[in-house]
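1. No sequence on hand, only this structure:
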């Protein structure tokens, strides 16, 4: 296989970087940070990148609207971008400190940290630990957890800490003083892996997550493949949405999630994103093609956004 | 009717305040700002307030997740809160300046404003106007458009401007130098009006928007009433979501929108919010009750979140 170019949502040592690192073999892929979601999509569309790894939803916070808006592709800028894989990353936060600054570790921690850095969202995710051990300690918001680790690595004057991943600690060369300080052990982000359908270089790769996600999140359904389809309907037609959703059932596609975003064509018209699963069989091997054909009859527009291997399936099939 | 107490999402002169002012007769209602969405819900649940006016979705930005999360009511804190009305507010931005500071108005504007204040979201909504007339002028983010108007009212030293509503201009006593500076003339926020179902004081009021929303947003469906229902399904059961959605169709309830939020019980389980419309008739007068009864058979939990008069209907019925 040719050497792959994989873009992820930056900065380096972000959770997207970690997901990309764990999804691709280091020896066969170069990972490149992109500052924005739109740049990552554009890279794949223009075939500057083979793959993009972008966050799609978090089990606690819900959908990532920036990703949905780019998948909506209202201006037809990303016609050839499709989903070809997914990766589940359990979000573990650690308390990070400058290398060697607390040689006896957490057991000997003397309470001397005077300032903490992290992304605004992480404070709330580590509330129990912070209330118990860092009540009243000054907090400084920064643009990413990775940035927090970087600041701590470079701050020689005062004892400070960062809340970030072990991955960020390794990247920035800081110590993990305490790990798994998050409130919810099951807080997980699902990333999508995107490719360009015109690229022959990426046509064959099937993504398999090396370490399966946490067991309680696994589906007990027999569906092993997921498909994402978007469509808009004519709201002046009674029953149009119900009719569109019925088509999935008619072709043996099990609806698993539905998201909506404004169409921006008319107020209160939506783009629907329907995710559905199936266990491939001889009967349903053309299910997606047939569903799209039938959807064209009842929708204003619809689009097959890709099929990929379900990483939550129990893999019995 | 008794005097009503209506809470809205603060600060004063916010778009929620404007929606509340336009929804209730000044002589019969006292309007009270609340700092958070949760406080507004709690006020209605505890019957400290008769009504709450909260943003639900914007035609450009989509759903307001804070409102969905409170309607999800995962801990059963707002058992008696239901939707009883809606209000569509078209978002018009104005350029506001201190009273009397530009006596000859926009026609005589000399380019002397050196600093602009507004909420971060408003910059992007007025991009065309700002690029044309205020390129390179310093921009200061503030917590709300209303706050921006307040700052400009109190700033005597330098010529500065605020981007906020005409409502905020009137409230804070500043001049409108230019109105309707927004890019999209149809940017509209839909507010929900909430009441406590146990309150007799609020049982009879039917909300009618005095000025109908912009014509192009109007529905050409005959549905005159909307209902919001939430449910969670057992994802291990194939077809459960499709079966739940079929129930709406079976009872003549036309699906108009679907939203999802994480259930927070299990990763990748969702709470679905289904909004549906109907034109009341003898045949469908019990449709919501029957749909809820049937949904109980195929969902883990479901809840009727209220029925109200559709303000987008053409009102032919």
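-> Yes, it's here. Only a predicted model underlies this, so the values are computations on that prediction, with no experimental measurement involved. Residues are numbered from 1 along each chain as shown, chains lettered A, B, ... in the order given.

2. for stretch A:64-73, which positions count as buried?
-> A:64-65, A:67-73 (16 or more other CB atoms under 10 Å in any protein chain shown). No exception for glycine: its C-beta is placed from N, CA and C like everyone else's.

3. got a list of what the spatially most distant residue from the centre of chain A touches?
-> Distance from the C-alpha centroid of chain A peaks at residue A:110, with 37.3 Å (CA atoms, centre = their mean). The contact partners of residue A:110, by CB atoms under 8 Å, 6 or more residues apart in numbering or on different chains, come to none.

4. So it: helix, strand or coil?
-> Per DSSP: H, G, I helix; E, B strand; the rest coil, the secondary structure class of residue A:110 is coil.

5. Please report how far it lies from residue A:158.
-> In this view, residue A:110 and residue A:158 are 14 Å apart by CB to CB, to the nearest Å.

6. still on that earlier bit, between the buried residues of stretch A:64-73, which sits nearest chain B?
-> Comparing the buried residues of stretch A:64-73 against chain B with CB to the nearest CB picks out residue A:65 as the nearest, at 6.5 Å.

7. mind checking the backbone torsions on that closest one?
-> Dihedral angles phi and psi of residue A:65 (degrees, to the nearest 10) take the values phi -70, psi -30.

8. One more: the one 10 residues further on?
-> Its backbone dihedrals place residue A:75 at phi -110, psi 10, with angles given as degrees, to the nearest 10.

9. got a pLDDT number for it?
-> At residue A:75, the pLDDT value in this model is 95.

10. what do you get for the one 3 residues further on?
-> For residue A:78, the model assigns a pLDDT of 98.

11. Need the three-state assignment for residue A:231.
-> Going by three-state DSSP: residue A:231 is strand.

12. what's the burial count for the nearest residue to it once chain neighbours are set aside?
-> Distances taken as CB to CB, 6 or more residues apart in numbering or on different chains place residue A:302 nearest to residue A:231, at 3.7 Å, with adjacent residues excluded. Residue A:302: 24 surrounding residues under other CB atoms under 10 Å in any protein chain shown.

13. Repeat that for residue A:25.
-> 10.

14. Residue A:57 now?
-> Other residues close to residue A:57 by other CB under 10 Å number 23.

15. That one touches residue A:65, doesn't it?
-> No. Assessed by CB atoms under 8 Å, residue A:57 is found out of contact with residue A:65, at 10.1 Å.

16. any idea which element the residue nearest to residue A:231 lies in?
-> strand A:301-309 (DSSP states H and E).

17. Now that strand: buried residues?
-> For strand A:301-309, using 16+ other CB under 10 Å, the buried residues are A:302-309.

18. now do stretch A:24-41
-> Buried residues in stretch A:24-41 (16+ other CB under 10 Å): A:24, A:29, A:31-34, A:37, A:39-41.

19. for the helix or strand of chain A with the lowest mean pLDDT, packing partners?
-> Least confident helix or strand, chain A: helix A:120-125 with a mean of 91, by mean pLDDT, DSSP states H and E. Under the contact criterion of 3 or more CB pairs under 8 Å, 6 or more residues apart in numbering or on different chains; DSSP states H and E, helix A:120-125 touches strand A:160-164.

20. Give the partner strands of the strand it packs on in its sheet and their orientations.
-> Applying DSSP bridges, strand A:160-164 is found paired with strand A:94-97 (antiparallel), strand A:115-118 (parallel).

21. now check stretch A:170-188, is it near chain B?
-> Yes. Against chain B, stretch A:170-188 shows contacts by CB under 8 Å from any CB of the partner chain at A:186, A:188.

22. Averaged pLDDT, that stretch. What do you get?
-> The predicted model assigns stretch A:170-188 a mean pLDDT of 95.

23. Helices of the stretch 51-200 of chain A, start to end?
-> Counting by DSSP state H, counting those that start in this stretch, residue ranges of the helices within the stretch 51-200 of chain A are A:65-72, A:120-125, A:127-133, A:145-153, A:166-172.

24. To residue A:278, which of those helices lies closest?
-> helix A:65-72 (20.4 Å; CB to CB).

25. For the closest residue to chain B within the stretch 51-200 of chain A, give me its contacts.
-> Residue nearest to chain B within the stretch 51-200 of chain A: residue A:59 (3.8 Å; CB to the nearest CB). The contact partners of residue A:59, by CB under 8 Å, 6+ apart, come to A:186-190, A:217, B:262, B:267-268.

26. and which of the residues you listed is nearest residue B:45?
-> Closest to residue B:45, out of all of these and judged by CB to CB, is residue B:262, at 22.5 Å.

27. And the closest one, what's its pLDDT?
-> 95.

28. same deal with residue A:314?
-> Checking the pLDDT column for residue A:314, the value is 60.

29. Deepest in the core, which of the strands paired with strand A:160-164 is it.
-> strand A:94-97 (a mean of 28; mean count of other CB atoms under 10 Å in any protein chain shown).

30. Quick one: end-to-end length of stretch A:69-80, please.
-> End-to-end span of stretch A:69-80 (CA to CA, to the nearest Å): 16 Å.

31. got it, and stretch A:245-256?
-> Terminal-residue distance, stretch A:245-256 (CA to CA): 12 Å.

32. Might you list the low-confidence residue ranges for chain A?
-> A:1, A:211-222, A:314-317 (pLDDT under 70).

33. Domains in it, by residue range?
-> Per automatic domain parsing, the structural domains of chain A span A:1-91+A:185-196, A:94-178, A:221-308.

34. Please render those as TSV that adds distance to residue B:172 to the earlier fields.
-> Formatted as TSV, the domains of chain A follow (distance: least, CB to CB, whole Å):
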stretch	distance to residue B:172
domain A:1-91+A:185-196	32
domain A:94-178	29
domain A:221-308	29
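
35. out of these, nearest to residue B:86?
-> With CB to CB as the criterion, residue B:86 lies closest to domain A:221-308 of those, at 11.3 Å.

36. Doesn't residue A:312 lie inside a strand?
-> No. Assigned with three-state DSSP, residue A:312 falls outside any strand and is coil.

37. quick one: the nearest residue to residue A:141 once chain neighbours are set aside and residue B:143, what's the gap?
-> The shortest distance from residue A:141 to any non-neighbouring residue, by CB to CB, 6+ apart, is to residue A:120 (4.9 Å). Using CB to CB, residue A:120 is found at 15 Å from residue B:143.
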